[in-house]
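1. no sequence for this one, just the structure:
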C-alpha cells in the first residue's frame, strides 16, 4: 500500500517543482524579443519596402511629365497635358475642354509626347 501512496504523491511532487537555477520561471523572454524582431523585419521587407519603392517611382514619373504627355488620372480621366504648373497640370480631355488636375492625382502615363497640342 505504501507504493500506491508514493504514486499518488508523485504528481503533486512534480507540480511543485520550480524552474532550474539561471532560467526565469516565465519562459525565455529573449526568444520572444528575437521573434518580434524577426516578425517586424519580415513585415518591413514584404510590405513597407515595396510600398516605398512604388511611391518613389510614382514621384519620379510625376517629375518627368511635361506638355504633350498623355495621362490617366486616378478618377479614370484620359487626357493630354497642355500646361504644367507648380502644383497641377492643365489637361485637355476633349476639344475645347480643359481641366486642372492636381499632380498627385495622375495615376500613369500612357504615351510620352502623344499628340501635339493644337492651338486654334
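-> Thanks, I have it. Remember, predicted model here, so these are calculated numbers, not experimental data. Numbering: from 1, shown residues only.
2. Around residue 82, how many other residues sit close by?
-> 15 (other CB atoms under 10 Å). Every C-beta, even on glycine, is put in place using the N, C-alpha and C of the backbone.
3. could you measure it against residue 43, distance?
-> 43 Å (CB to CB, to the nearest Å).
4. before we move on, what about residue 36?
-> 11 Å.
5. cool, and residue 95?
-> 50 Å.
6. So which of these two has more stuff around it?
-> Using other CB under 10 Å as the criterion, residue 95 and residue 43 rank with residue 43 on top: 11 against 7.
7. would you list every one of the helices in the chain?
-> 2-15, 29-43, 49-64 (DSSP state H).
8. Now the weakest link among those helices, please, by mean pLDDT.
-> Of all those, mean pLDDT reaches its minimum on helix 2-15 (a mean of 58).
9. number of nearby residues for residue 55?
-> Using other CB under 10 Å, residue 55 has 10 other residues around it.
10. What are the neighbouring residues in contact with it?
-> Taking CB atoms under 8 Å, 6 or more residues apart in numbering as the contact definition, residue 55 lies against nothing.
11. and it, how far is that from residue 92?
-> Look at residue 55 and residue 92: by CB to CB, they are 28 Å apart.
12. And for residue 33?
-> In this view, residue 33 and residue 92 are 58 Å apart by CB to CB.
13. okay, those two: which has more neighbours?
-> residue 92 (18 against 10).
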